[in-house]
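Enquirer: Sequence and predicted structure are below.
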Amino acid sequence: MPASRRYSRRDFVQFMGRASLGAGLATFWNPFVSAKDRERTPQLSMPSLGIHTEDSLKFTEGFSHEIFIRYGDVINSQGDRFGYNNDFIGMIPLNAAKTDALLWINHEYPIPLFVSGYEKGKIKTKAQVLLEQKSVGGSILRVKLNSQSTWEWQRDDLYNRRIDALTEMPLIADRPIAGFRKAIGTLSNCSGGVTPWNTFLTCEENSHDYYGDIDAAGSSHFGWEAHFDNPPEHYGWVVEIDPKKASAKKLCALGRFGHESATTILAPDGRCVVYSGDDASDQCLYKFIAAHPGSLERGELFVADLLNGKWLSLDIKKNKKLKNRFKDQTEALIHTREAAELVGGTKLNRPEDIDQDPITKDIFVAITGNASKGDKFGSLLRIKEKDSDPRSLEFTAKEFLLGGTKLGFACPDNLAFDKSGNLWMTSDIGGSSINKGDFKSFGNNSLFFIPLKGTQAGKIIKVASGPIEAELTGPCFSFDGKALFLSVQHPGERSPNLEALTSHWPDRGKSLPTPAVLQIRVPTSAYA
């Protein structure tokens with residue numbers, strides 16, 4: 001067997017003994033979930049939506065929503081605009097009452113047709129690239145709770161700032177990378193996290209789409225390298241954002257790969273542990289343990305060996321294979337995927353978002369799927385660290401839920417737990433597959449609620465469904481749990497040209513489709 005191991009459903013059947021999972025969901029929460037703890041939390045019961053394929057937003061009963069902010073909105077007196085394809089949303093308080101706060105919202109990638117006017121087959125100009133560079137990165141917004149218990153973003157507030165693909169930021173590494181200690185910009189900002197010291201983590205995922213990659217020949221998807229000679233090694237990192245200073249730094253110790261998420265957990269000794277999935281087929285799951293409390297600049301990166309329940313160090317001082325292959329730790333981190341394969345990391349079917357159950361402390365991982373490996377619909381994976389300690393190097397893993405027509409969901413992506421310890425999940429069925437073939441029965445991409453107590457425990461409840469070709473991403477609950485911020489990303493993304501738009505959300509008529517963030521009011525029984 002090669003050093004790296006490929007995760008497959010057959011592997012899990014053999015290794016986990018998953019004999020009873022397919023027969024029902026009665027055992028999915030044993031033995032890790034404490035029924036006693038669950039009974040202390042309120043029960044939320046609601047009907048599930050059916051198949052929705054229309055160019056609109058649809059919610060199950062009890063929910064109301066409004067557009068909170070949308071692409072192109074001017075956010076400050078300097079004329080900065082809210083970026084494109086909003087994704088991850090993070091929130092930190094500015095006062096003790098938690099009625100004043102800052103939001104960070106990722107902007108993952110441009111759709112050139114809608115952002116710069118570029119049409120396929122033509123030569124992209126430098127001016128068009130500049131428009132695309134300004135559309136990615138992220139936005140910082142000041143928000144306040146009004147007398148109607150609704151959050152409002154404060155227009156022209158001094159905190160409102162943009163960080164984009166033109167913002168200079170340091171590379172926190174042991175040595176210069178590609179000859180530089182600073183990088184220009186952050187891009188491909190997918191999911192992220194919030195640190196215990198109230199900064200934001202934004203993840204650079206498909207960074208090869210912009211300036212190419214060091215191991216790939218030819219032009220990139222967006223072709224920015226035709227006008228800007230930025231080293232590809234400067235992208236693919238986790239970036240820490242200080243929202244009060246509007247500053248950013250790239251945390252190279254967390255590795256360079258297609259970071260989907262950076263889920264933070266505070267260890268008993270005050271250090272921070274960060275979990276990240278590498279969102280690509282046959283890639284791995286990672287954990288970073290900080291060296292010191294209050295900082296992620298130094299620490300140790302590990303890759304998961306799921307078949308043996310081990311976290312394997314990527315420190316070249318601890319592994320002869322790494323020391324023989326790489327000249328120093330920085331080089332190993334630049335080539336994290338290769339390093340993970342050398343030490344025996346388990347290859348997964350697109351590990352995406354990660355979250356921690358607030359009651360059991362188990363780690364949940366969205367495995368979006370890989371059709372080439374016979375895994376069309378994906379699954380949820382649950383990891384229990386030894387002694388529930390995030391610093392542990394041993395764990396047990398179980399397949400939690402299997403996507404498919406039986407349970408009514410496919411391609412899980414973003415995860416979030418509410419105050420009651422119930423799980424919320426979004427789906428990411430690709431634009432070329434949605435409402436076609438094996439995916440026809442799922443309808444548009446959706447938001448799901450999975451109660452973990454009461455008569456509906458384990459039921460997959462579809463609570464919202466998005467417009468045509470859109471993805472619902474970045475679910476973020478307000479501090480009291482009464483509001484849920486949710487991104488509507490890339491509606492109409494497969495439109496071939498401006499005369500043949502596939503979506504007109506949200507303005508309808510003949511308008512261009514526009515990404516936006518929703519503020520959703522959750523039914524009162526969810527937090528009563």
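Expert: Perfect, I can see it now.

Enquirer: Only C-alpha atoms from now on, for both contacts and neighbour counts.
Expert: Will do.

Enquirer: which sections of the stretch 51-200 of the chain are below the confidence cut-off?
Expert: Using pLDDT under 70 as the threshold, the predicted model of the stretch 51-200 of the chain has no low-confidence range.

Enquirer: where along it do the helices fall?
Expert: With DSSP state H, counting those that start in this stretch as the criterion, the stretch 51-200 of the chain has helices at 112-115, 126-135.

Enquirer: can I get these in CSV with mean neighbour count and distance to T60?
Expert: What follows is the helices of the stretch 51-200 of the chain, written out as CSV (neighbours: other Cα atoms under 10 Å; distance: least, Cα to Cα, whole Å):
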stretch, mean neighbour count, distance to T60
helix 112-115, 18, 31
helix 126-135, 20, 32
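
Enquirer: Between those helices, which one is closest to G404.
Expert: With Cα to Cα as the criterion, G404 lies closest to helix 112-115 of these, at 33.2 Å.

Enquirer: Can you spell out which helices and strands pack onto the closest one?
Expert: In terms of contacts (3 or more Cα pairs under 8 Å, 6 or more residues apart in numbering; DSSP states H and E), helix 112-115 is packed against helix 126-135.

Enquirer: spatially speaking, which residue is in the middle of the protein?
Expert: Within the chain, one residue has its C-alpha closest to the average C-alpha position: by Cα atoms, centre = their mean, that is S191, at 2.8 Å.

Enquirer: Any figure for the gap between that residue and E260?
Expert: From S191 across to E260, the span is 5 Å (Cα to Cα, to the nearest Å).

Enquirer: E205 too?
Expert: 6 Å.

Enquirer: follow-up on the earlier one: closest to G509 out of the helices of the stretch 51-200 of the chain?
Expert: If you check each of these against G509 by Cα to Cα, helix 112-115 wins as the nearest, at 16.5 Å.

Enquirer: Just give me how far that closest one sits from the chain centre.
Expert: 23 Å (Cα atoms, centre = their mean, to the nearest Å).

Enquirer: Convert the C-alpha atoms of it to PDB, please.
Expert: The C-alpha trace of helix 112-115 is given here as PDB (Å, rounded to 0.1, in the frame of the first residue of the first chain):
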ATOM      1  CA  PRO A 112     -15.600  38.200 -15.000                       C
ATOM      2  CA  LEU A 113     -18.700  38.600 -17.100                       C
ATOM      3  CA  PHE A 114     -20.400  40.400 -14.200                       C
ATOM      4  CA  VAL A 115     -17.400  42.100 -12.500                       C
END
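
Enquirer: Any stretches of this structure with poor pLDDT?
Expert: Of all residues in the chain, those with pLDDT under 70 make up the ranges 1-44, 524-528.

Enquirer: Can you show me the helices along it?
Expert: Listed in chain order, the helices of the chain (DSSP state H) span 9-16, 35-38, 112-115, 126-135, 208-211, 320-325, 329-334, 336-343.

Enquirer: can you put these in TSV and add distance to A457?
Expert: Supplementary listing: the helices of the chain in TSV, determined by distance: least, Cα to Cα, whole Å:
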stretch	distance to A457
helix 9-16	23
helix 35-38	10
helix 112-115	42
helix 126-135	41
helix 208-211	41
helix 320-325	45
helix 329-334	41
helix 336-343	37
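
Enquirer: now the helices of the stretch 51-200 of the chain as TSV including distance to L254?
Expert: Written out in TSV, the entries for these read as follows (distance: least, Cα to Cα, whole Å):
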stretch	distance to L254
helix 112-115	30
helix 126-135	24
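
Enquirer: quick one: terminal-to-terminal distance for stretch 279-295?
Expert: For stretch 279-295, the separation between the terminal residues is 25 Å (Cα to Cα).

Enquirer: Determine how far it lies from the middle of the whole chain.
Expert: 14 Å.

Enquirer: Over to D174: give its phi and psi.
Expert: The phi and psi torsions at D174 (degrees, to the nearest 10) take the values phi -70, psi -20.

Enquirer: Determine the number of other residues adjacent to K120.
Expert: Applying the criterion other Cα atoms under 10 Å, we find 11 residues in the vicinity of K120.

Enquirer: Got phi/psi on it?
Expert: Taking degrees, to the nearest 10, you get phi -60, psi 140 for the backbone angles of K120.

Enquirer: same question, N444
Expert: Dihedral angles of N444 (phi, psi; degrees, to the nearest 10) stand at phi -70, psi 160.

Enquirer: Kindly report the same for the one 10 residues further on.
Expert: According to degrees, to the nearest 10, the main-chain angles of G454 amount to phi 80, psi -170.

Enquirer: Name the nearest residue to M425, ignoring sequence neighbours.
Expert: Ranked by Cα to Cα, 6 or more residues apart in numbering and with sequence neighbours excluded, the top spatial neighbour of M425 is L415, at 4.6 Å.

Enquirer: any idea how far L381 is from the one you found?
Expert: For L415, the distance to L381 (Cα to Cα) stands at 12 Å.

Enquirer: Mutual contacts of the two, please.
Expert: Residues touching both L415 and L381 (Cα atoms under 8 Å, 6 or more residues apart in numbering) are A366.

Enquirer: For L381, give me its contacts.
Expert: Contacts of L381 (Cα under 8 Å, 6+ apart): 364-367, 397-401.

Enquirer: rewinding a little: with respect to burial, which of the helices of the chain scores highest?
Expert: Ranked by mean neighbour count under mean count of other Cα atoms under 10 Å, the helices of the chain are led by helix 208-211, which reaches a mean of 22.

Enquirer: quick one: that helix to chain centroid distance?
Expert: Going by Cα atoms, centre = their mean, where helix 208-211 is centred and where its chain is centred differ by 19 Å.

Enquirer: OK, contacts around P496?
Expert: With contacts defined as Cα under 8 Å, 6+ apart, P496 is in contact with no residue.

Enquirer: can you give me the strands in the stretch 51-200 of the chain?
Expert: Read by DSSP state E, counting those that start in this stretch, the stretch 51-200 of the chain holds these strands, from start to end of the chain: 58-59, 64-70, 86-93, 100-107, 137-145, 151-153, 161-163, 168-172, 182-184, 189-194, 200-204.

Enquirer: same question, the stretch 301-450 of the chain
Expert: Remark: strands assigned in the stretch 301-450 of the chain by DSSP E, counting those that start in this stretch are 310-313, 346-349, 351-356, 363-367, 379-385, 395-402, 412-417, 423-427, 446-450.

Enquirer: And the ones you listed: which comes nearest S48?
Expert: S48 lies closest to strand 446-450 among these, at 8.7 Å (Cα to Cα).

Enquirer: and E499, how many neighbours?
Expert: 8.

Enquirer: nope, S147 is what I was after
Expert: Residue crowding around S147 was assessed by other Cα under 10 Å; the count is 7.

Enquirer: Show me which residues of stretch 499-518 are buried.
Expert: Taking 16 or more other Cα atoms under 10 Å as the neighbour-count basis, stretch 499-518 is seen to contain the buried residues 501-506, 512-518.

Enquirer: In a markdown table, list the residues you listed along with distance to S135.
Expert: Converted to a markdown table, those look like this (distance: Cα to Cα, whole Å):
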| residue | distance to S135 |
| --- | --- |
| L501 | 21 |
| T502 | 22 |
| S503 | 20 |
| H504 | 20 |
| W505 | 19 |
| P506 | 19 |
| L512 | 16 |
| P513 | 15 |
| T514 | 13 |
| P515 | 12 |
| A516 | 13 |
| V517 | 15 |
| L518 | 19 |
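
Enquirer: can you tell me which of the residues you listed lies nearest to T125?
Expert: Sorting the buried residues of stretch 499-518 by distance to T125 puts L512 at the head of the list, at 22.2 Å, by Cα to Cα.

Enquirer: Relative to S503, how far out is the closest one?
Expert: Note on L512: its distance to S503, by Cα to Cα, is 8 Å.

Enquirer: Ok, L94 next?
Expert: Taking Cα to Cα as the criterion, L94 is separated from S503 by 38 Å.

Enquirer: Please apply the same query to P268.
Expert: 49 Å.

Enquirer: now swap in Q456 and tell me
Expert: Distance of Q456 to S503, computed by Cα to Cα: 35 Å.

Enquirer: Thanks a lot, see you next time.
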